[in-house]
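**Q** this one's sequence-less:
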């Protein structure tokens, strides 16, 4: 086993682990499932790592592999009983700074995003990560126009969920 | 402001309460994928044990009476005790496997633990199927050796058998027993095939992945 490769991989993943955690939180409902998904993504990343040439940023490449893993896994486990863990939804914002309605709105929005289907969720995630449509389209392997159209549709869907 | 835009503007603030893993945590993750599967094996075996115990406790009084009258109850009691003891041993083994896999930190020992777990599960399945077959065989041979008494006892409790001749009754009874026995064993096999089969397949997948990492 190439120790150098291993070291470089683990170091970079450690630095960028937030991305994976955010994806895990979005795609799972409890901490056990979160850890399982994190591990699965780690393994998929590690297997794909030798093919990562460094012509894109490590984090960009990570978005792609991690989201693909989450989407594939989510598909397989669609029939699993889904429980909603509100711990993962909560926003730890100081009560003095924001009033309850904003916090509540955020929680509802987050829950609505979590409830989207696997692909839509990936799109919204990248949008929330402040990626532009070019980056979104290349990460998800769809055209830029398609990404825009989809995103608009999702925005409408979310609005409908929150204001029925 | 639109709720999605609001979420987007607050998005980076949420990173504060994300978990943080250390270099070592991540390194070990390359190895430890199997523990959750083994945890499931452990959990399912406990549920299974509880199921059988509850089933044993809820069997109807008339059934127990009948078994006592025909003289089978003492033997069955002994068999129950042995059965639960064996299952308890398996339970302990499953737990040890789970603990081992959870604390393993080299690829090689993890691979060994996976092989061991797979073996334990296979033995568990073989034991369960074989013991069911043997106990059913024993009970029915016992019934057969006492078929006169069996006829009389069942006649007391049931109106249906009254109209039936003794020879007819014996053949109908054992054919029915045989059919139920085959169904039961079929059901057990199917259950293990589905539940443990899936878990074992996943473990095997992990094992093969690890083998790739190891090379």
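**A** Happy to help now that I have it. All figures in this text were calculated on a predicted structure; none of them were measured in a lab.

**Q** Show me how the record splits chain A into domains.
**A** Per automatic domain parsing, the structural domains of chain A span A:1-88, A:97-164.

**Q** If you average pLDDT over each of these, which is lowest?
**A** Sorting these by mean pLDDT places domain A:1-88 lowest, at a mean of 79.

**Q** which one of the domains of chain A lies closest to residue B:185?
**A** Nearest of those to residue B:185, taken as C-beta to C-beta: domain A:1-88 at 28.1 Å. Just so you know, the C-beta spots here come from the backbone N, C-alpha and C atoms, and that holds for glycine as well.

**Q** hang on, the earlier thing: would you turn the domains of chain A into a markdown table with distance to chain B?
**A** Shown next, in a markdown table, are the domains of chain A (distance: least, C-beta to the nearest C-beta, whole Å):
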| stretch | distance to chain B |
| --- | --- |
| domain A:1-88 | 4 |
| domain A:97-164 | 4 |
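
**Q** among those, which is nearest residue B:111?
**A** Here domain A:1-88 is closest among the domains of chain A (C-beta to C-beta), at 13.8 Å.

**Q** so how far is that closest one from its chain's centroid?
**A** 9 Å (C-alpha atoms, centre = their mean, to the nearest Å).

**Q** now do stretch B:86-97
**A** With C-alpha atoms, centre = their mean, you get 12 Å for stretch B:86-97.

**Q** quick check: longest helix of chain B.
**A** Using DSSP state H, we find that the single longest helix of chain B is helix B:166-214.

**Q** for that helix, packing partners?
**A** In this structure, helix B:166-214 packs against helix A:31-48, helix B:35-57, helix B:107-145, helix B:147-157, with contacts taken as 3 or more C-beta pairs under 8 Å, 6 or more residues apart in numbering or on different chains; DSSP states H and E.

**Q** Turn the domains of chain A into JSON lines, columns for mean neighbour count.
**A** Compiled in JSON lines, these are given as follows (neighbours: other C-beta atoms under 10 Å in any protein chain shown):
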{"stretch": "domain A:1-88", "mean neighbour count": "16"}
{"stretch": "domain A:97-164", "mean neighbour count": "16"}
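
**Q** Residue A:106: which of the helices and strands packed on helix B:166-214 is closest?
**A** Here helix A:31-48 is closest among these (C-beta to C-beta), at 19.7 Å.

**Q** Now do the helix or strand just after that closest one and helix A:31-48, the angle between them.
**A** Note on helix A:31-48: by DSSP states H and E, the next helix or strand toward the C-terminus is helix A:58-76. For helix A:58-76 against helix A:31-48, the angle by axes from the mean of the first three to the mean of the last three C-alpha atoms, to 10 degrees is 120 degrees.

**Q** helices or strands next to helix A:58-76 in the packing?
**A** Short answer (3+ C-beta pairs under 8 Å, 6+ apart): helix A:58-76 packs on helix A:17-27, helix A:31-48, helix A:118-128, helix A:133-140.

**Q** quick one: terminal-to-terminal distance for stretch A:114-133?
**A** With C-alpha to C-alpha, to the nearest Å as the measure, stretch A:114-133 spans 21 Å from end to end.

**Q** what sits up against it?
**A** The contact list for stretch A:114-133 (C-beta atoms under 8 Å, 6 or more residues apart in numbering or on different chains) reads A:19, A:22-23, A:26-27, A:29, A:63, A:67, A:70-71, A:74-75, A:89, A:113, A:135-136, A:139-140, A:144, A:147-148, A:150-151, A:154, A:157-158, A:161, B:4, B:7-8, B:11.

**Q** let's see it at 6 Å
**A** The contact list for stretch A:114-133 (C-beta atoms under 6 Å, 6 or more residues apart in numbering or on different chains) reads A:26, A:67, A:71, A:74, A:113, A:136, A:144, A:147-148, A:150-151, A:154, B:8, B:11.

**Q** Taking these together, which two end up most distant?
**A** Farthest-apart pair in the contacts of stretch A:114-133 is A:74 and A:144; separation 24.5 Å (C-beta to C-beta).

**Q** just so I know, which of the domains of chain A lies nearest residue B:179?
**A** Per C-beta to C-beta, nearest to residue B:179 of those: domain A:1-88, 33.1 Å.

**Q** and chain B, which residues reach chain A?
**A** B:3-4, B:7-8, B:11, B:15, B:17-19, B:21, B:23, B:26-27, B:29-30, B:33, B:36 (C-beta under 6 Å from any C-beta of the partner chain).

**Q** Return the set of buried residues in stretch B:46-54.
**A** Neighbour-count burial for stretch B:46-54, counted by 16 or more other C-beta atoms under 10 Å in any protein chain shown, picks out residue B:48.

**Q** Contacts for that stretch, please.
**A** By C-beta under 6 Å, 6+ apart, stretch B:46-54 touches residue B:87.

**Q** let's see 8 Å
**A** Under the criterion C-beta under 8 Å, 6+ apart, residues B:84, B:87, B:91 lie in contact with stretch B:46-54.

**Q** pLDDT averaged over that stretch - what is it?
**A** For stretch B:46-54, mean pLDDT is 76.

**Q** coming back round to it: what about the helices and strands packed on helix A:58-76, which gets the closest to residue B:101?
**A** helix A:31-48 (13.0 Å).

**Q** Report all helices and strands that that closest one contacts.
**A** helix A:3-15, helix A:17-27, helix A:58-76, helix B:23-29, helix B:166-214.

**Q** follow-up on the earlier one: for residue B:123, which of the domains of chain A is the nearest?
**A** Closest among these, once you apply C-beta to C-beta, is domain A:1-88, at 27.1 Å.
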